[in-house]
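Undergrad: okay, predicted coordinates and the sequence, questions at the end:
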Amino acid sequence: MNGVLAALRERARARLDPVHWDFYEGGAGAETALAANEAAFARLALLPRVLTGAGPADPAVTLLGERLSMPVLVSPTAFHRLAHPDGERATARAVAAAGTVLITSMAATTAVDEVTAAAREVRPDAAVWFQLYLQPEPAVTEALVRRAEKAGCTALVVTADSPVFGRRTRDDRNGFHDLPPGLAAENMRDLPGAPPGRTRDIAMSPALSWADLRRLRELTELPVVLKGVLHPADARRAADEGVAALLVSNHGGRQLDAAPAGVEALPAVADAVAGRIPVLLDGGVRSGADAVAALALGAAAVGVGRPVLWGLAADGEAGVAAVLAELRAEVEHILTLCGAADCHGLGRDQVVVRGATGV
Ligand code: FNR
């Protein structure tokens, strides 16, 4: 793990209520998938190319028409106001200043219009995408989509890996199932079927299917990113269905504990999609080298979840800024050391598995 991130993680741990720390850090079941994410990256090494004359590398990428200062965006995570009183507003400001995309969670403790407003105070063209769990009641999904559109979000990120809620061992042990008084999932307020001023619970449903995704696409012009894809056949299907991008993810090890690490699933997904749509990856990215390895294996960009929460808990907006600045600097440095001119400059042949040569 990058040293700056590791230090922020320790500060976050020291500051947070241990129950909230466990909520952020924990995974499902025996936390096998959670551990697999970082372990999979630790097994990968980068084979640099020499004398390429590529010059200092440019870490910027373009994704769904947005220019990002680096191939790292912020994956959606719930409840930022548990980490810091400024919550999602602080995150949004830091992400906008860093020049990358924030995917704000449907389970945010700040409403999406306040998140986009905070981002745009810093940078008027800052991109915020809205993470959506398709709701079994179509009217609720539609209301959420309109809320995201009205707030000026430029993409919807539909999380498809949650037909039911993962069994979070630490939260069960700690009895953490509700937000403390004063905090709520603000995007869920005033939706159809809820009494005025009250929030609805986020519903998960194993009955959802590709037909529901199609209905969503008929509702909105916004590009849809499908999050939580691991199987290459689903990736191919998503591209056929007109999804704008994929996010390969095991949900930070919080859903199916038997799932592989995202980065283990990435090459087969990238092959299945064959360049038709961009493939993103999250889970266990803790350094610039991790990000660059994922790029070499076919990702257009990576997402970070927990590192942003560490920065936020440790030092609010400045902490999130520190995480993103460090990742950008490291990506740029490592691309250059690998002889690449930009984020597209590495081939899959430049990723090797440590120890695989038998030495
Ligand atoms: C998440 N994640 C998540 N995903 C999502 O689609 N909607 C959500 O509300 C949340 N909430 C959430 C809360 C917390 C505390 C964590 C740690 C994660 C999953 C997230 O988007 C992402 O897939 C992982 O966090 C990526 O892994 P790393 O970077 O945390 O290892």
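TA: Structure's in. What do you need? Numbers count the residues shown, from 1 in each chain.
Undergrad: just say helix, strand or coil for residue 53.
TA: State at residue 53, reduced to three classes by DSSP: H, G, I helix; E, B strand; the rest coil: coil.
Undergrad: dump the residue contacts of residue 94.
TA: If you count contacts by CB atoms under 8 Å, 6 or more residues apart in numbering, residue 94 has them with 311, 317-321, 324. C-betas here are computed from N, CA, C, even on glycine.
Undergrad: how about the residues you listed in TSV, adding neighbour count?
TA: Output for these, formatted as TSV (neighbours: other CB atoms under 10 Å):
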residue	neighbour count
311	32
317	21
318	12
319	25
320	33
321	19
324	25
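Undergrad: okay, those residues in TSV with distance to the ligand, secondary structure and pLDDT next?
TA: TSV is the format used below for the contacts of residue 94 (distance: CB to the nearest ligand atom, whole Å; DSSP: H, G, I helix; E, B strand; the rest coil; pLDDT from 0 to 100):
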residue	distance to the ligand	secondary structure	pLDDT
311	12	helix	98
317	18	helix	98
318	20	helix	98
319	15	helix	98
320	13	helix	98
321	17	helix	98
324	13	helix	98
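Undergrad: now do the phi/psi pair for the closest residue to the ligand within the stretch 201-350 of the chain.
TA: The ligand sits closest to residue 305 of the stretch 201-350 of the chain, with a gap of 2.2 Å, by CB to the nearest ligand atom. Phi and psi for residue 305, reported as degrees, to the nearest 10, are phi -110, psi -80.
Undergrad: next, count neighbours for the nearest residue to it once chain neighbours are set aside.
TA: Distances taken as CB to CB, 6 or more residues apart in numbering place residue 75 nearest to residue 305, at 4.3 Å, with adjacent residues excluded. Number of residues near residue 75 (other CB atoms under 10 Å) recorded here: 28.
Undergrad: so residue 75 sits against residue 303, correct?
TA: Yes - here residue 75 reaches residue 303: they are 3.4 Å apart, a contact under CB atoms under 8 Å.
Undergrad: the ligand contacts on this protein?
TA: Selection of the chain residues close to the ligand by CB under 6 Å from any ligand atom yields 24, 37, 75-78, 105, 107, 131, 159, 227, 249, 251-252, 254, 282-285, 304-306.
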